[in-house]
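Participant: Please work out how this folds:
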Amino acid sequence: MRALYRAAAISATLLAYSLCDLPASAQDGWSPYRQNLDPSQPRGPREAAAPKAEPSWQRQGGDPASAQTPAWQQPSRRGSVERSELSPIMSPDGSGLPLELWRGLDLKGLEDLLAVLELPPRSPALHRLWRRVLLAPATPPAGAPGPDHFLALRLEALYRSGLVRDMEELLAGGGVSSPLIRALQARLDIGLARKERGCRTIAELGAPSSGLPGRLKGEIQLLGGYCAAVAGNAKAAGLAAELAREEGIVAEVPLAVLAGVAMGNKPRLALPKSVLLLDFRFLELLGPVDATHVFDKAEPALLAVIAGDTQGPARLQIAAAEAAMRLNALSADAIADVYRRQSLSGSALADPAAHATDPLLRRALFFQAIELSRSPVQQARFMRAVLDDARRSGFAAQMAHVLAPPLARVPPVPELAWFAETATEIALTAGDHASARRWGEASGGPRHWLALCDLADPARRDGRLPALAAIEDLAHRGRMSADALHRLATVLDALDIEVPIALWDAASRMPQPSGGYLPETGVLADLAQVAKRKDVGRVILLAMRTLGPGGPEGANILALGDAVRALKGAGLEADARGLALEALVAVWPRQAPN
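Facilitator: Model prediction:
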């Protein structure tokens, strides 16, 4: 993946943790505004070992003839991930992750792995795993100077993922009150418009007795300038900006705003490439800010905050919520709340499709109509319209989670046979395997989707999946694309599920997709090695790096197979199957709409 901690502008609003050169001694090396990765560093060059990368189910040895041999007859890589004799002690939080999540990594190694990730993950399946990693009460990696440094690292990752509410949860249960963590708490308070609380902490940290490390003083002085401006003390705001500059702080928007406050005028500001949450709060010092002017440049955390502003225009709340949803920065429940609270036309709710609706309001209108309707047929029609619309906009997987609760109230009756495929997709993508199977098995239901139900369900063990017979039939009739066949064979093999000969034969007769993301040379080998050792934390971060910014949908089939295999081998089978499902749903054959 692309480097996470590389940004175009160094802004005082960044909560950046210094990843590459953190001294082991104390907090002096921590700089919440500093980006310290070399911008000239290569960003994820592709593997260039061969013009055509073979998936694992075809690359079973050096014999060219092996490419013509079914995978089940080839020397298999299955079982290459070594099993540990001792089961790991699992975290009590239900995350499915071990307490020794970072086994095999010291703090520097963890920082190096995080430094080359691009956040937030665009893949919903990867994002769910990533969030669990950040919130899991795992033992800190070796070499951490103290619990505050490890907590700060997790808080920073949550911030860059737009998960500001999760930051609050982590801070509430962190049990650490060092100046470093209190500084992060103050920044979060100010970002969430809790000025009094944040400024009270900033005042305490600015006192000589606070024990604040030297480098952090400049950042606190800058935020002290914000608090002075809030209090109407223009002279103190200007002085704080000068002191921050002397400490080496480079933060274009906040420094320009404080200078304008000190001089009593509005400076002419060119917005940076990415407008951050605290940039927005500093801009508010100059007067009301029209969020529509920063929307296109807003980072995930700012999008989440704009979406949660119940006083903002309905169009802006919905646009911000859906933009945050694309980045997985808002939960399905939060999106549903944004849709519900909009006051929309009662006549339009009776049949949203019959009205010329503002495109930005359309999905909210359909969602309200789904919840108000008492007709299963009408609810099904509206749900299909919303999912199709979301698919065209690029966030069908996230929208499926929003639609799953209302779908649970719709029975799979014969009158809804035309809706069975859409319902199966919604339930399956949302992780409701039982509901997906009911719809897939319903009269007139999409039998070929049952193969995905079996593949995604961790309760379905290794071996052969009977439901694949429907896929063999589709392949025989030419209804399966080359991409779908190759991806299916790749993930089946990675999950230790037998690839039927007919599917292997059909895939081998179709051109192998050569596109998709491949990581830089050496990453796939590293992933295989850490999976053998069951170093779960490293497996997860390397799998994220292997799949790239597009997640399983945008990855090369070689990277896809290796990531799924590594997660399964590390004991994360449900996550491995979730990635496999996500890679297939987008290319799965669909019935022609009625």
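Participant: so who does Pro552 touch?
Facilitator: Ser123, Ala125, Leu126, Leu560, Ala563, Val564, Leu579, Ala580, Glu582, Ala583 (Cβ atoms under 8 Å, 6 or more residues apart in numbering). The C-beta positions use only the backbone N, C-alpha and C, and glycine is treated the same way.
Participant: In helices only, show me these.
Facilitator: Per DSSP state H, helices hold the following members of the contacts of Pro552: Ala125, Leu126, Leu560, Ala563, Val564, Leu579, Ala580, Glu582, Ala583.
Participant: Highest neighbour count among those?
Facilitator: For these, neighbours were counted using other Cβ atoms under 10 Å, and Ala563 has the most, 34 neighbours in all.
Participant: and this protein, what are its domains?
Facilitator: 1-43+104-343, 61-77+465-594, 344-446 (automatic domain parsing).
Participant: Tabulate those domains (a markdown table), appending mean pLDDT and distance to Leu97.
Facilitator: Formatted as a markdown table, the domains of the chain follow (pLDDT from 0 to 100; distance: least, Cβ to Cβ, whole Å):
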| stretch | mean pLDDT | distance to Leu97 |
| --- | --- | --- |
| domain 1-43+104-343 | 81 | 5 |
| domain 61-77+465-594 | 85 | 6 |
| domain 344-446 | 87 | 17 |
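Participant: Of all these, which one is nearest Asp457?
Facilitator: domain 344-446 (4.5 Å; Cβ to Cβ).
Participant: In this structure Pro140 contacts Phe150, no?
Facilitator: Yes: taking contacts as Cβ atoms under 8 Å, Pro140 lies within contact range of Phe150: 4.0 Å.
Participant: shared neighbours of these two, which are they?
Facilitator: By Cβ under 8 Å, 6+ apart, the residues touching both Pro140 and Phe150 are Leu107.
Participant: Pick out whichever of the two has more residues nearby.
Facilitator: Phe150 (21 against 18).
Participant: Give the full set of residues in contact with that one.
Facilitator: Leu107, Pro140, Pro141, Ala144.
Participant: Likewise for Gln591?
Facilitator: For Gln591, the contact set (Cβ under 8 Å, 6+ apart) comprises Glu421, Pro446.
Participant: State the distance from it to Ser343.
Facilitator: 37 Å (Cβ to Cβ, to the nearest Å).
Participant: ok, back up a step: turn the domains of the chain into CSV, including distance to Asp454.
Facilitator: Listed next are these as CSV, based on distance: least, Cβ to Cβ, whole Å:
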stretch, distance to Asp454
domain 1-43+104-343, 17
domain 61-77+465-594, 5
domain 344-446, 9
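Participant: neighbours of Gln368, just the number please.
Facilitator: By other Cβ under 10 Å, 21 other residues sit near Gln368.
Participant: In contact with Leu416, which residues are there?
Facilitator: Leu416 neighbours (Cβ under 8 Å, 6+ apart): Pro376, Val377, Ala380, Val410, Ala423, Ala442.
Participant: For Leu316, state which of those residues is nearest.
Facilitator: Closest to Leu316, out of all of the contacts of Leu416 and judged by Cβ to Cβ, is Ala380, at 30.5 Å.
Participant: Just the residues contacting the helix or strand containing that closest one, thanks.
Facilitator: Taking DSSP states H and E as the definition, Ala380 sits inside helix 376-393. Residues lying outside helix 376-393 but in contact with it, judged by Cβ under 8 Å, 6+ apart, are 322, 352-353, 362-363, 366-367, 369-370, 373, 396, 398-400, 403, 406-407, 409-411, 413, 415-416, 419, 422-423, 425-426, 593.
Participant: Only whichever of those residues are buried, select them in ChimeraX.
Facilitator: Per 16 or more other Cβ atoms under 10 Å, the buried members of these correspond to this ChimeraX selection:
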select :322,352,362,363,366,367,369,370,373,396,398,399,400,403,406,407,410,416,419,422,423,425,426
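Participant: Now intersect the contacts of helix 376-393 with the helices, please.
Facilitator: 322, 362-363, 366-367, 369-370, 396, 398-400, 403, 406-407, 422-423, 425-426.
Participant: mind listing what's buried in stretch 178-193?
Facilitator: Buried residues in stretch 178-193, counted by 16+ other Cβ under 10 Å: 178-192.
Participant: cool, stretch 323-334 as well?
Facilitator: Buried, per 16+ other Cβ under 10 Å, within stretch 323-334: Ala323, Ala324, Met325, Arg326, Leu327, Asn328, Ala329, Leu330, Ser331, Ala332, Ala334.
Participant: Which one of the ones in helices among the contacts of Pro552 is nearest to Leu286?
Facilitator: Nearest to Leu286 among those: Leu126, at 38.7 Å, using Cβ to Cβ.
Participant: Now for that closest one: which residues touch it?
Facilitator: Here Leu126 is in contact with Ala543, Met544, Leu547, Gly551, Pro552, Leu579 (Cβ under 8 Å, 6+ apart).
Participant: give me that answer again for 7 Å
Facilitator: Shown in contact with Leu126 (Cβ atoms under 7 Å, 6 or more residues apart in numbering): Met544, Leu547, Gly551.
Participant: Repeat that for Leu584.
Facilitator: Leu584 sits next to Leu452, Ala484, Arg487, Leu488, Val491 when contact means Cβ under 7 Å, 6+ apart.
Participant: who touches whichever strand or helix holds Asp337?
Facilitator: Using DSSP H and E, Asp337 sits within helix 332-340. Residues from elsewhere that reach helix 332-340 (Cβ under 7 Å, 6+ apart): Ala307, Gln317, Ile318, Ala321, Met325, Ala364, Phe367, Gln368, His401, Val402.
Participant: Farthest-apart pair in these, please.
Facilitator: Checking these with Cβ to Cβ, the most distant pair is Gln317 and His401, at 19.0 Å.
Participant: mind listing the strands for the chain?
Facilitator: Here the chain has no strands by DSSP state E.
Participant: burial count for Leu243?
Facilitator: There are 17 residues near Leu243, going by other Cβ under 10 Å.
Participant: quick one, what contacts it?
Facilitator: Per Cβ under 7 Å, 6+ apart, neighbours of Leu243: Gln221.
Participant: and if you look at His486?
Facilitator: Counted by Cβ under 7 Å, 6+ apart, His486 has contacts Pro55, Ala507, Gln512, Pro513, Ile557.
Participant: between the contacts of Phe150, which is nearest Pro458?
Facilitator: Distances from Pro458 to the contacts of Phe150, taken by Cβ to Cβ, are shortest for Pro141, at 28.3 Å.
Participant: phi, psi of that closest one?
Facilitator: Dihedral angles of Pro141 (phi, psi; degrees, to the nearest 10) stand at phi -70, psi 160.
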